Every structure is written in structure tokens, then in C-alpha cells.
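Colleague: predicted model follows, preceded by the sequence.
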Amino acid sequence: MQTSMFIDVGRGKVRFSGELQDARTELNDSSSLISTSLVNTLEPLQANLNWNFSDMLEEGHTGSLKVGRFTMDVGRRRLVARSGTRNTISSFTGVDWQWSGSDGRNAQVFVVTPMRILPTDRASLLANDDELDRGNRNTTFRGAFYQFPALKSRDRFEVYWAGIDQGNRPQNDTLPRDFDSVGFRVFRPTTAGKWSYEVEAVLQYGKSSATAAGVTRRGLDHDAEFYHAEFGYAFSSKLSPVLLMQYDRASGDRDPFDGRNEGYDTLFGERRFDFTPQGIYGLFARGNLRTPGVRLTFVPWQRWQTTFSYRKYELDSTRDTWSGVGLRDLTGRAGRSIGRQLEGIFTWNAIPKRLTFETAFAKLWAGRFFRETEGAGFRGDPMFVYFMTTTNFGGRDR
């Protein structure tokens with residue numbers, strides 16, 4: 001639900017906007033899936049003042065300054081994102097400034113506090129109890145993003161930085177961490193009859209915490225990295241097929257008992273468009289992962305889109321945790337093979353910008369690490385299927 005009020009101020013526009021989130025569950029006491037990624041009842045997700053301006057510093061540029069509580073997308077959304085398909089959505093309280101130039105330049109600067117989704121205990125989640133979210137104590141998340149103008153070859157280049165300083169408070173949603181993430185992304189957009197590519201890299205450095213064998217260690221030297229690469233071609237044919245070869249690597253902690261932590265922290269990033277068909281299917285995240293894959297997208301009929309993806313999933317470090325699930329073998333003897341996954345997504349845009357139907361599946365054939373760490377608890381290769389309907393209401397901004 002959304003409400004908004006507009007007040008014109010000179011050449012700009014001031015807007016107050018709000019949004020409520022209500023994600024409830026019907027899971028029973030025997031469910032092992034319950035978490036704050038599924039349940040957040042009747043929460044004021046956004047409440048902010050937003051000043052939109054244009055032609056203030058130079059002709060043709062636009063921008064906005066947002067103050068209050070809001071959700072955010074930054075760049076390709078692998079580090080900070082508003083999830084499109086998860087039951088609950090991460091939000092922040094603070095300041096977000098964005099600017100767009102007439103030549104394709106984009107910039108963003110933000111200083112915020114991440115909100116904790118509450119309540120967190122199992123009994124309260126199963127009972128759909130109400131509790132207002134609160135900010136993480138002594139925690140600041142700040143960052144900057146800049147996209148350069150497109151080159152004549154259509155290539156684009158982005159650089160960004162994000163730093164998080166999370167205090168050592170028992171109520172916070174993660175252990176204390178204080179590190180910076182510095183990254184870049186270079187890409188060529190998909191165009192019919194043309195080659196495309198995308199390369200993104202992130203380096204993280206600072207201090208973080210980790211838990212191994214039931215012991216939590218704080219103040220570890222944080223030194224982690226993430227890489228994404230893809231190369232593809234969009235065919236000029238009736239079905240408009242696009243074929244992509246992809247590879248992702250997010251570093252894992254090589255030695256869980258030394259004074260370093262090489263485990264990559266994806267912070268508030270979205271994982272759906274790389275690894276999973278749906279946000280609540282949480283087997284894979286950007287952490288301790290190596291995954292090559294191939295993806296095919298095509299349009300069988302007007303307003304229909306179909307995507308098939310096949311990936312091999314392995315641990316980057318055999319002694320670190322499978323970040324999506326939490327399974328771990330501290331000895332490393334279970335190897336690194338998580339499995340191979342086939343997924344398919346079928347989307348029908350029934351009424352453009354108003355009504356969309358989607359169904360998808362994901363089938364994972366478990367590898368050695370998955371089978372051995374689960375042991376007697378292994379219940380067969382996972383299969384995930386969902387159906388989703390999306391409706392949009394409301395008119396245009398005045």
C-alpha cells in the first residue's frame with residue numbers, strides 16, 4: 001500500500017511518501033523455513049520526504065534528495081537492492097542523494113542506518129506478532145556510486161564504494177563488522193544482432209567477525225573479493241533469443257581458525273537475477289561460491305518471456321560455510337561440490353504495466369558436499385516450484 005502527497009516548490013518538487021509492508025505466514029510449528037525473510041507483519045516500510053529537482057546546476061539534468069526511511073537500489077543491485085520477490089524487504093533510515101546528467105551520467109551518495117526486521121524469535125514469527133522494526137544500534141552504512149557517459153561503442157563504466165560500521169550490540173542483526181567495499185562494473189547492453197558482456201569486481205577490506213566450531217571471533221582482518229563475468233549474443237530472429245555464458249566467484253574463508261576472514265559479505269544485495277528464480281528460494285548467495293553457467297532467454301509469443309539457466313555450484317573454500325544454507329565441514333574432506341541446477345522462468349505480461357503472471361521451477365542435483373554434510377538428514381534432490389501474480393495500481397505522478 002502506498003500514499004503520497006505532492007507540494008510544488010519553485011523549479012523542484014517536494015513529495016512525502018509512505019509504504020506499508022505486511023508479510024504474514026501460514027507455516028506450522030514443524031516448519032524449518034520460518035525466518036525474517038518470510039515474515040514482517042504490518043510494517044511502515046517507507047516514510048520520507050523526497051525533493052525532486054531539475055535544471056538546477058546545468059540544463060537537462062535531474063536529481064532527488066530523500067530523507068527518512070526508504071528502500072534503495074544501487075548500480076546493478078548486487079551490493080544494495082530492494083528485493084523484488086522476497087516476502088520481506090530491507091529498508092534504511094537516513095539520507096539518499098541521486099543525480100542524472102543529460103549525457104547518461106549517474107551519481108548516488110547515501111548515509112543510512114539499516115533497519116532490523118522484528119520480531120526475530122520463532123514463536124513470534126509463527127504467531128504473526130506485530131513489532132515495529134528498529135535500526136541496528138551504533139551502525140552506519142554509507143556509499144557513493146558513479147556511472148560515466150556511454151562510449152561510442154555503447155560500453156558503460158561504473159565505480160562505487162560502500163562502507164559499513166556495525167557496532168558490537170547483541171540486538172543487532174549481524175555480528176560486528178567494519179569494512180569497505182570498492183568495486184567497478186563495465187558492460188555493453190544487450191542489443192539484437194550484437195555481442196554483449198558484463199564484468200563486475202568487488203574488493204572488501206577492514207575488520208569483521210566469524211563463527212567456527214561454536215566460537216565467535218571478532219576483530220578479524222577482513223580481506224574478501226567477488227567477481228562476475230558474462231559474455232553473450234542476442235540473435236536477430238523471430239524468438240529474440242539471448243544466449244549468455246556466465247561465471248561468478250565469491251571468496252570463502254580458507255582457514256576458519258586464523259586471524260583473517262576471507263568470506264565475502266554480500267551486504268544487502270539481490271541474488272535472484274544471478275542464482276535463483278525467486279527470492280524465498282535461498283539455497284545460494286554471494287559468499288563462498290564458484291559457479292559457471294549458461295542462460296538462454298527468448299520470447300515465444302508477444303508479451304511472453306521464457307528463461308532457462310543451468311549452473312554448476314561449488315564452494316570456493318572447502319572449510320567455510322555454504323552461505324545459502326549454513327552447512328559446513330571444518331575438515332574440508334567433504335569436498336566442494338554442492339550440485340548442478342536447472343531453472344526455468346515463464347512470464348506473461350498480460351496487461352502491460354498492470355498485470356503479470358509468472359511461474360518457475362528450480363531442480364538441484366546434489367553434489368558430494370551437500371550429501372555428506374547432510375548425512376542421514378538428506379531427503380533427496382531439492383525441487384522448487386512457484387506461481388506468482390503481480391498487480392500494479394495507481395496513477396502517474398502529478
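Modeller: Happy to help now that I have it. Numbering: from 1, shown residues only.

Colleague: show the average pLDDT along the strand or helix carrying K66.
Modeller: Under the criterion DSSP states H and E, the helix or strand holding K66 is strand 62-70. Taken as a whole, strand 62-70 carries a mean pLDDT of 94.

Colleague: could you report the neighbour count for G104?
Modeller: 11 (other Cβ atoms under 10 Å). (Each C-beta comes from the backbone N, C-alpha and C, glycine too.)

Colleague: ugh, wrong one, I meant G183
Modeller: Using other Cβ under 10 Å, G183 has 22 neighbouring residues.

Colleague: thought F157 was touching it, still the case?
Modeller: No. Using Cβ atoms under 8 Å, G183 is not in contact with F157, being 11.8 Å away.

Colleague: residue contacts, the residue nearest in space to the middle of the chain?
Modeller: With distances taken as Cα atoms, centre = their mean, E270 lies nearest the centre of the chain, 1.1 Å away. E270 sits next to R77, R78, A81, R82, S83, G84, G279 when contact means Cβ atoms under 8 Å, 6 or more residues apart in numbering.

Colleague: could you do T71 as well?
Modeller: With the criterion set at Cβ under 8 Å, 6+ apart, T71 makes contact with L45, Q46, R82, I89, S90, S91, F92.

Colleague: from R336, how far out is R122?
Modeller: Relative to R336, R122 is positioned 32 Å away (Cβ to Cβ, to the nearest Å).

Colleague: these two: which is more packed in?
Modeller: R336 (22 against 13).

Colleague: just give the closest residue to that one, not the sequence neighbours.
Modeller: Spatial nearest neighbour of R336, excluding adjacent residues (Cβ to Cβ, 6 or more residues apart in numbering): L315 at 4.1 Å.

Colleague: ok, the one you found touching G287?
Modeller: No. Counting by Cβ under 8 Å, L315 stays clear of G287, with 10.0 Å between them.

Colleague: out of these two, which sits in the more crowded spot?
Modeller: L315 (26 against 23).

Colleague: from what I see, E225 and E200 are in contact.
Modeller: No. Between E225 and E200 there is no contact under Cβ under 8 Å: 11.3 Å.

Colleague: what is the helix or strand harbouring D178 packed up against?
Modeller: According to DSSP H and E, D178 maps onto strand 177-188. Packing contacts for strand 177-188, counted by 3 or more Cβ pairs under 8 Å, 6 or more residues apart in numbering; DSSP states H and E, involve strand 156-166, strand 195-212, strand 215-234.

Colleague: which ones are touching the nearest residue to the residue nearest to the centre of the chain once chain neighbours are set aside?
Modeller: Once flanking residues are discounted, E270 sits nearest to A81: 3.6 Å by Cβ to Cβ, 6+ apart. By Cβ under 8 Å, 6+ apart, A81 lies in contact with M72, D73, V74, F268, G269, E270.

Colleague: neighbours around the third one, how many?
Modeller: By the other Cβ under 10 Å criterion, the neighbourhood of V74 contains 22 residues.

Colleague: pretty sure V39 is touching D22, no?
Modeller: No. V39 is beyond contact range of D22, at 10.0 Å (criterion: Cβ under 8 Å).

Colleague: which of those two has more neighbours?
Modeller: V39 (22 against 12).

Colleague: can you list the weak-confidence ranges in this structure?
Modeller: 1-14, 27-33, 56-57, 394-398 (pLDDT under 70).

Colleague: and the helices in the stretch 251-398 of the chain, which stretches?
Modeller: 272-275, 368-374 (DSSP state H, counting those that start in this stretch).

Colleague: which among these is found nearest to W348?
Modeller: helix 272-275 (18.3 Å; Cβ to Cβ).

Colleague: tell me how far that closest one is from the chain's mean position?
Modeller: 8 Å (Cα atoms, centre = their mean, to the nearest Å).

Colleague: what comes up buried for that helix?
Modeller: R272, D274, F275 (16 or more other Cβ atoms under 10 Å).

Colleague: wait, isn't D223 in contact with S208?
Modeller: No. Applying Cβ under 8 Å as the test, D223 and S208 come out as separate, 9.4 Å apart.

Colleague: these two: who's more crowded?
Modeller: Between D223 and S208, counted using other Cβ under 10 Å, the more crowded position is S208 (28 against 17).

Colleague: quickly list what V80 is bridged to.
Modeller: When bridges are called by DSSP bridges, V80 pairs up with F268.

Colleague: D178 now?
Modeller: With DSSP bridges as the rule, D178 is bridged to D165, K207.

Colleague: surely it and Q204 touch.
Modeller: No. Using Cβ under 8 Å, D178 is not in contact with Q204, being 11.2 Å away.

Colleague: which of those two has more neighbours?
Modeller: Q204 (26 against 18).

Colleague: grab the nearest non-local neighbour of that one.
Modeller: A224 (4.4 Å).

Colleague: would you mind getting the angle between the helix or strand harbouring T113 and strand 156-166?
Modeller: Using DSSP H and E, T113 maps to strand 106-116. For strand 106-116 against strand 156-166, the angle by axes from the mean of the first three to the mean of the last three Cα atoms, to 10 degrees is 30 degrees.
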